[in-house]
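**Student:** have a look at this prediction, sequence included:
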There are 2 protein chains.
Amino acid sequence: MSEAGENTRKKARSWKQDPEAVRADILCAARAEFAEHGLSGARVQDIADRIQTSKRMIFYYFGDKEGLYRAVLDEAYRSVRKAEAELELDGLPPEEALRKLVEFTFDHHRANADFIRLVMIENIHGARHMHEIDSLSQTNTAAIGQIERICTAGIDAGLFRADVSPLEIHWQISGMSFFNVANMATFSVNFGPDLFTDDAQLRLRETVVNSILASVRAT
Amino acid sequence: MSEAGENTRKKARSWKQDPEAVRADILCAARAEFAEHGLSGARVQDIADRIQTSKRMIFYYFGDKEGLYRAVLDEAYRSVRKAEAELELDGLPPEEALRKLVEFTFDHHRANADFIRLVMIENIHGARHMHEIDSLSQTNTAAIGQIERICTAGIDAGLFRADVSPLEIHWQISGMSFFNVANMATFSVNFGPDLFTDDAQLRLRETVVNSILASVRAT
DNA sequence: AAGCAAATTAACCGGCTGGTACAAAGCTCT
DNA sequence: AGAGCTTTGTACCAGCCGGTTAATTTGCTT
């Protein structure tokens, strides 16, 4: 019974201190757990079990369950916005830039299902916890900047309608890209899984690009 | 302490039996509770407290918490699909029909936030519970029928592209209409609440109509 | 090496929550 | 009216789970 875990890193008789690594481990395990089960569905013990640590550590570093949840949410948003910011579109012609942005968002959402699920969960809670995280509003509003630049360029070139709304465009792109991941489960049950094979997703992404481009194009 | 509730309908000394009403009441209260807090977040006691009944009744009629949740989900889908089926589009020209369908879906989703939240919750659970409800798949696949008819009419008239996919169109309409309600909370926090005023929603709905129509139109 | 704060462990607790046992009250049928 | 079913109320329980207490270990500083 007491002989378990001889090759584990931290347990078994003696352990090394590595607070930052522990903190990061907890955050990572918590993200998975929260994404999978939601805030109330997640079990602190299960988070501890996912990594080589004890329940106590979680409260030690994050205060309580909600504090941990908030930290997870914060870090998740931060990393996503960072990825978005790294997308370089400034050199491209407007239509091409918009296409790239749609394709990126669509793919990125698919590749980060955990983040999507966290946002779903946060919406279930009426975004109550996001309000308590300051730093986010700044990072996020910046996401519109790219679209704004594309739009002004497109309008100036006479390619886009003069009344396009960058915010509405972002809403549309986000909406479909988000829905695609968030509602895959129920959509598959209701209408079959055909839309979610790899090549169907490629076609679907192109459909989204077409819709967005068609709706901004000057007549 | 024990004198409470003289004017309540069922308690206080003597009560009338009305099983179907109780069942319906529970279902209604449960829908609200589940929509608000999710499956694990919902409290059976709180559901009982919302109406004039005891926790005991809930287990009596629905077996356990998940049974109740399943019943709620079933009823919710059923009523929504019923409303969809009542929409009459067959007489209209294709573009007009499609416009009406988009407008209806957009409005209907907004007006049924509880349903949206239930679907969000069910997606968090990977649609696990929907699989255990038979009757749904039939009701739901029928929802595509309308779009199929519109598309064939549109293609035959040379108004729509020949390669439009009814399923993809449904996906787009659902996606944006769903996202609009489901992610209102986080979207507002991130980008401000401007898009969710009544008249902004009217414009947004028109934007969705435009995108869909523009993307199906023959060049 | 001693002192001290930070990191970690193990055991524990209180109360909440899903679920139940049991009895009492209504309803139906004869 | 009363037997036998369904429906409802009350009290209760067992276990889970977030959170805590207290003691032990590590490592830094002097």
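**Tutor:** That came in fine, so what should we check first? No experiment lies behind these values; they were computed from the predicted model shown. Numbering: from 1, shown residues only, chains lettered A, B, ... in the order given.
**Student:** and residue A:113, how many neighbours?
**Tutor:** Residue A:113 has 13 neighbouring residues, counting by other CB atoms under 10 Å in any protein chain shown. C-beta: built from backbone N, CA, C; applies to glycine.
**Student:** close enough to count as contact, it and residue A:183?
**Tutor:** No. Assessed by CB atoms under 8 Å, residue A:113 is found out of contact with residue A:183, at 11.9 Å.
**Student:** next, name the residue at the spatial heart of chain A.
**Tutor:** Most central in chain A under CA atoms, centre = their mean is residue A:115, positioned 3.2 Å from the mean C-alpha point.
**Student:** any idea how far residue A:172 is from chain B?
**Tutor:** 6 Å (CB to the nearest CB, to the nearest Å).
**Student:** mind listing what's buried in the longest helix along chain A?
**Tutor:** Ranked by residue count and defined by DSSP state H, the top helix of chain A is helix A:19-41. Under the neighbour-count criterion of 16 or more other CB atoms under 10 Å in any protein chain shown, helix A:19-41 has A:22-23, A:25-27, A:29-35, A:37-41 buried.
**Student:** how far does it sit from its chain's centre?
**Tutor:** 15 Å (CA atoms, centre = their mean, to the nearest Å).
**Student:** and it, what does it pack onto?
**Tutor:** Judged by 3 or more CB pairs under 8 Å, 6 or more residues apart in numbering or on different chains; DSSP states H and E, helix A:19-41 is in contact with helix A:44-50, helix A:55-62, helix A:65-85, helix A:113-124, helix B:19-41.
**Student:** and the shortest one, does that touch DNA strand D?
**Tutor:** Spelled out, that is helix A:44-50. Yes. Helix A:44-50 lies within reach of DNA strand D by CB under 7 Å from any atom of the strand, at A:44, A:45.
**Student:** quick check: mean pLDDT across that helix?
**Tutor:** In this model, helix A:44-50 has a mean pLDDT of 96.
**Student:** equivalent analysis for the second one, please.
**Tutor:** Taken as a whole, helix A:55-62 has a mean pLDDT of 96.
**Student:** quick check: the closest residue to residue A:90 other than its chain neighbours vs residue A:97, distance?
**Tutor:** With CB to CB, 6 or more residues apart in numbering or on different chains as the criterion, residue A:90 has its nearest non-adjacent residue at 7.0 Å, and that residue is residue A:149. Applying CB to CB, to the nearest Å, the value for residue A:149 to residue A:97 is 8 Å.
**Student:** look at those two and report which has more neighbours.
**Tutor:** More crowded of residue A:149 and residue A:97, by other CB under 10 Å: residue A:97, with 22 against 15.
**Student:** which helix or which strand is home to that one?
**Tutor:** helix A:94-111 (DSSP states H and E).
**Student:** helix A:113-124 and that helix, what's the angle between them?
**Tutor:** 90 degrees (axes from the mean of the first three to the mean of the last three CA atoms, to 10 degrees).
**Student:** sorry, back to before: which residues does the longest helix of chain A contact?
**Tutor:** For helix A:19-41, the surrounding residues in contact (CB atoms under 8 Å, 6 or more residues apart in numbering or on different chains) are A:42-43, A:46-48, A:50-53, A:57-58, A:61-62, A:65-66, A:68-69, A:71-72, A:75-76, A:113-115, A:117-118, A:121, A:124-125, B:37-41, B:124.
**Student:** recalculate using a threshold of 6 Å.
**Tutor:** Counting by CB atoms under 6 Å, 6 or more residues apart in numbering or on different chains, helix A:19-41 makes contact with A:42, A:46-47, A:50-51, A:53, A:58, A:61, A:68-69, A:72, A:114, A:117-118, A:121, B:38, B:40-41, B:124, all of which sit outside it.
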